[in-house]
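Enquirer: Predicted model and sequence below, questions to follow.
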Amino acid sequence: MPLSALTGSRVRERRLALGLRQADVARAAGISAAYLNLIEHGRRRVTGDVLVRLATVLGIESAELEQGSEGALAEVLRTAAAAEPEAAAELERIEEFIGRYPGWARLSGGLQRRIGQLEQAVAALNDRIAHDPHLSLSLHEVLSAVSSVRSTAAILAETEDIEPEWRARFHANLHHDSERLATGAEALVAYLDGSDRTEMPGAVSPQEELDDWLAARGWYLPELEAPGGEVDLSALASAAARDLATVWVARMRADMAALPLPRLEAALAEWGPDPVLIGTRTGVGVLVAMRRLALRPGSDLGLVIADAAGALVFRKPVPGFVPPRFGAACALWPLFEALARPMMPVLAEIEMAGRRRARFAARAWGEASWPEGFGGVEVRQAAMLLSPVPDAGGSVRRVGATCRICPEPGCPARREAPIVSEVTGLRG
Amino acid sequence: MTHHAMLIEDEPNIAEAIRFLLNREGWQVTTLGDGGVAEAEVRARRPDLVILDLMLPGRSGLEILQSLRADPATAELPVMMLTAKGQGRDREAAERAGASLFMAKPFSNTEFVAAARSLLGVA
């Protein structure tokens, strides 16, 4: 209970704001006036029953008394102090600091949060430069065409006695390379434009561009309800994102034809939101049922889909569950159990680590397919559907989004250190 | 005696320009567009100089260089590596594997011809 002094001063502030006398509040809360005085001046810790009773008397949530906005600020400042141990920040006087210099404290906290955001942005950009095959392919195309243009143009300019056949050939090559150069440059510009348009760390890959576009469309494309309905993809900046969107639209179209909205709604009414029941009883398959459930108009279900390498190929977030935009997801997601054990329904209640602690019923299912038949490759895919559930206590699996932003202490599946810290856990 | 250069490059227009440049020097030039057959061709035709692109379909330029250097018959053969700007790590690997010289794309024709001549000891 490191914030006793602040809790006390909040009790005092609240009491004075209500115009109540110390003695009256103490009596109503079942403690002595002297004890309340000690609490208000930070000389006694206030916990458990007393805290709850005081909160009731003062008409306020006990958590608000206990934590206040300073609680969150103190956490951030602790994280900052842990990141810069050489500074030897006076951790034991953190409450005093926040109390005496609230503006400076908020500024330090704000800077620490900003550093966290920037670190994520840098990681995203690093990842993009190092691993983005689209970017490196575009660059390679441009560089190859430039090399050819340079050599060919120099030959034409510098060779006085060049034979007409060679001249014609080099002119044709130049023409061909200039076309390539134009296409390559256009692809690069569209790509870079696309990422400029959004806030950092916005869409940094075609996949993310598609995600953002689908989110903006509310994860539902009503055009597809009509047979042969066309979807306008011009809002997508890069050709690579438009290609991905074309594939996605075709899948949506097929899904909607297999399980039209009226039939989906009838199935939901009869069997509930269980994709295994809906998928098998309607005969459309479990993955189709999962996509239809998450992507029907007004659905509050989250959906993530992973390929066999565990890469997230589709992400529909829901409040409290935001899948990572780059890097690998949390290894504890039921999604990955389903990926490893196809055709086995995995049901788990999960709680997202962090302050918000949102709970979800996670339903995951994996399938393997052989699109090329015998002798062809196996293509495996798994999906996880998330329905928000209230916190009803009981056993639950604590998971995160991805290690770097997950504060869960002592996680046995941790891959790398977090850049955030848990409420009480200092990162050292 | 005519010098024989073997050019292993998958970009046909770059290959054509290089061929023209070296032909003008009076050299014989054989071009190959695929890395897979390159090593066998080098052994069969014994060129005086190999010009090898780092990024090739079939087999990478680095692998070809490594096998050429591992064989005493071709260990001393002059090999010019064509690299693209930004392939720093690949270039280091090729340096360790024993490339005689690097030429970064896009190159100037004059530099390219001078480099090829220097590798064969032609003034």
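Expert: Nice, thanks for sending it over.
Enquirer: Within range of chain B, give me the residues from the stretch 1-150 of chain A.
Expert: Contact residues (CB under 8 Å from any CB of the partner chain) of the stretch 1-150 of chain A with chain B: A:139, A:140, A:143, A:144, A:146, A:147, A:148, A:149, A:150. Every C-beta, even on glycine, is put in place using the N, C-alpha and C of the backbone.
Enquirer: Show me the shaky parts of the stretch 251-400 of chain A.
Expert: A:355-356 (pLDDT under 70).
Enquirer: Quick check: the residue of it nearest chain B.
Expert: Here the stretch 251-400 of chain A gets closest to chain B at one residue, residue A:377, 20.5 Å apart by CB to the nearest CB.
Enquirer: For that residue, what is the enclosing helix or strand?
Expert: According to DSSP states H and E, residue A:377 maps onto no helix or strand at all.
Enquirer: Skip the chain neighbours and tell me the closest residue to it.
Expert: residue A:370 (7.5 Å; CB to CB, 6 or more residues apart in numbering or on different chains).
Enquirer: What is the neighbour count of residue A:345?
Expert: Neighbours of residue A:345 under the rule other CB atoms under 10 Å in any protein chain shown: 16.
Enquirer: Name all residues that make contact with it.
Expert: A:276, A:286, A:338, A:363, A:364, A:365 (CB atoms under 8 Å, 6 or more residues apart in numbering or on different chains).
Enquirer: just checking, the second one touches residue A:367?
Expert: Yes: proximity of residue A:286 to residue A:367 meets the contact threshold set by CB atoms under 8 Å, at 7.1 Å.
Enquirer: before we move on, what SS does residue A:242 have?
Expert: helix (DSSP: H, G, I helix; E, B strand; the rest coil).
Enquirer: Count the neighbours of it for me.
Expert: Number of residues near residue A:242 (other CB under 10 Å) recorded here: 18.
Enquirer: any idea how far residue A:236 is from it?
Expert: 5 Å (CB to CB, to the nearest Å).
Enquirer: The closest residue in space to residue A:402 that isn't next to it in sequence: neighbour count?
Expert: Computed as CB to CB, 6+ apart, the closest residue to residue A:402 that is not its neighbour in sequence is residue A:324, at 3.8 Å. Using other CB under 10 Å as the criterion, residue A:324 is surrounded by 20 other residues.
Enquirer: Could you do residue B:50 as well?
Expert: Residues lying near residue B:50 (other CB under 10 Å) number 27.
Enquirer: if you go through chain B in chain order, where are the strands?
Expert: B:4-8, B:28-32, B:49-53, B:79-84, B:101-105 (DSSP state E).
Enquirer: Pull the CA coordinates from the longest one and hand them back as PDB.
Expert: Same thing as strand B:79-84. What follows is strand B:79-84, C-alpha atoms only, in PDB (Å, rounded to 0.1, in the frame of the first residue of the first chain):
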ATOM      1  CA  VAL B  79      35.200 -13.100 -60.000                       C
ATOM      2  CA  MET B  80      33.500  -9.700 -60.200                       C
ATOM      3  CA  MET B  81      30.400  -9.600 -58.000                       C
ATOM      4  CA  LEU B  82      27.500  -7.300 -59.000                       C
ATOM      5  CA  THR B  83      25.700  -6.100 -56.000                       C
ATOM      6  CA  ALA B  84      22.800  -3.700 -55.400                       C
END
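Enquirer: on contacts alone, who are the packing partners of that strand?
Expert: Counting contacts by 3 or more CB pairs under 8 Å, 6 or more residues apart in numbering or on different chains; DSSP states H and E, strand B:79-84 is packed against helix A:133-158, strand B:49-53, helix B:61-70, helix B:88-97, strand B:101-105, helix B:109-119.
Enquirer: Would you mind stating the distance between residue A:125 and chain B?
Expert: Distance of residue A:125 to chain B, given as CB to the nearest CB, to the nearest Å: 16 Å.
Enquirer: would you say that residue is within a helix?
Expert: Yes: counting by three-state DSSP, residue A:125 is found in a helix.
Enquirer: burial measure for residue A:337, as a count.
Expert: By the other CB under 10 Å criterion, the neighbourhood of residue A:337 contains 17 residues.
Enquirer: which SS class is it?
Expert: Here residue A:337 is helix, with the state taken from three-state DSSP.
Enquirer: do residue A:387 as well
Expert: Counting by three-state DSSP, the backbone at residue A:387 sits in strand.
Enquirer: ok, longest helix in the chain?
Expert: Just so you know, I chose chain A. Criterion DSSP state H: the longest helix present in chain A is helix A:164-197.
Enquirer: ah, I was thinking of chain B
Expert: Max-length helix for chain B by DSSP H is helix B:12-24.
Enquirer: interface residues of chain B facing chain A?
Expert: B:11, B:13-14, B:16-18, B:20-21, B:24, B:55, B:84-86, B:105-109, B:112.
Enquirer: can we see that at 10 Å?
Expert: Within chain B, the positions near chain A by CB under 10 Å from any CB of the partner chain are B:9-18, B:20-21, B:23-24, B:53, B:55, B:82, B:84-87, B:103-110, B:112.
Enquirer: Walk me through the domains of chain A.
Expert: A:4-110, A:133-197, A:206-405 (automatic domain parsing).
Enquirer: what's the closest of these to residue B:39?
Expert: domain A:133-197 (23.2 Å; CB to CB).
Enquirer: Without its sequence neighbours, what residue ends up closest to residue A:369?
Expert: Among residues not flanking residue A:369 along the chain, residue A:379 sits closest, at 5.2 Å (CB to CB, 6+ apart).
Enquirer: isn't the one you found right next to residue A:342, touching?
Expert: No: Residue A:379 is beyond contact range of residue A:342, at 11.1 Å (criterion: CB atoms under 10 Å).
Enquirer: In terms of packing, which of the two has more residues around it?
Expert: Legend: neighbour count by other CB under 10 Å for residue A:379 and residue A:342, higher for residue A:342 (16 against 13).
Enquirer: can you pull the contacts of the residue nearest to that one when sequence neighbours are not counted?
Expert: Leaving aside its sequence neighbours, residue A:342 sits nearest to residue A:366 (CB to CB, 6+ apart; 4.2 Å). The contact partners of residue A:366, by CB atoms under 10 Å, 6 or more residues apart in numbering or on different chains, come to A:286-287, A:306, A:308, A:335-346, A:380-384.
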